[in-house]
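Novice: what shape does this take:
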Amino acid sequence: MQVRDVMTRQVITASAETSIREVARMMSEIDSGIIPVIDGDELGMVTDRDIVIRAVAEGMDTEGPITSIMTTGIESCLESDELREAATRMSDLQMRRLLVFDEDGAIAGILSLGDIALLNEELAGVALEEISDDRSKL
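Specialist: Numbering: from 1, shown residues only. Sure thing, here's the model as predicted:
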């Protein structure tokens, strides 16, 4: 089974100029806790947790740019990768999500532990066992 078979395909991205408040609104509209951010050639991600911990708790102006709180150095996989390999990668990196690219380098989706769990609880459990040790990861 490949990543494309279980990944979440609905991906909305934010630009570098998008405000923290607008990204939070976008998350609410699509019922997602994560949004990729495109800043020129750089790619980042922001989670609902980033908004709470890095912005709200610190008293930041939520009209400020999302790039001020986004995470860079995003880990990814290809939609053609084997699901078991992607789950192992998530476990090794202690990450709950991977950005998924197609063969042309375009964003194709996001693979989350939830996506894996819907298909294979045992495989998700193996990945989660390692990830649970570090809750600060995406």
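Novice: which SSE is the residue of the chain most remote from its centre in?
Specialist: Residue farthest from the centre of the chain, counting by C-alpha atoms, centre = their mean, is residue 59 at 24.0 Å. Assignment of secondary structure by DSSP states H and E places residue 59 within no helix or strand.
Novice: what of residue 104?
Specialist: With secondary structure defined by DSSP H and E, residue 104 is part of neither a helix nor a strand.
Novice: could you report the pLDDT at it?
Specialist: Residue 104 is assigned a pLDDT of 96 by the prediction.
Novice: how about the strands in this protein?
Specialist: Counting by DSSP state E, residue ranges of the strands within the chain are 14-15, 34-39, 42-47, 71-72, 76-78, 97-101, 107-112.
Novice: turn these into TSV, including mean pLDDT, distance to residue 25 and mean neighbour count.
Specialist: Where you see a C-beta, it was placed from the backbone N, CA and C, and this is true even at glycine. Below are the strands of the chain laid out as TSV (pLDDT from 0 to 100; distance: least, C-beta to C-beta, whole Å; neighbours: other C-beta atoms under 10 Å):
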stretch	mean pLDDT	distance to residue 25	mean neighbour count
strand 14-15	96	11	18
strand 34-39	94	11	20
strand 42-47	93	13	20
strand 71-72	91	20	14
strand 76-78	97	26	19
strand 97-101	95	20	22
strand 107-112	94	19	22
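Novice: I'd like the ones you listed as JSON lines, with distance to residue 118 appended.
Specialist: Putting these into JSON lines (distance: least, C-beta to C-beta, whole Å) gives the following:
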{"stretch": "strand 14-15", "distance to residue 118": "26"}
{"stretch": "strand 34-39", "distance to residue 118": "17"}
{"stretch": "strand 42-47", "distance to residue 118": "20"}
{"stretch": "strand 71-72", "distance to residue 118": "25"}
{"stretch": "strand 76-78", "distance to residue 118": "17"}
{"stretch": "strand 97-101", "distance to residue 118": "14"}
{"stretch": "strand 107-112", "distance to residue 118": "10"}
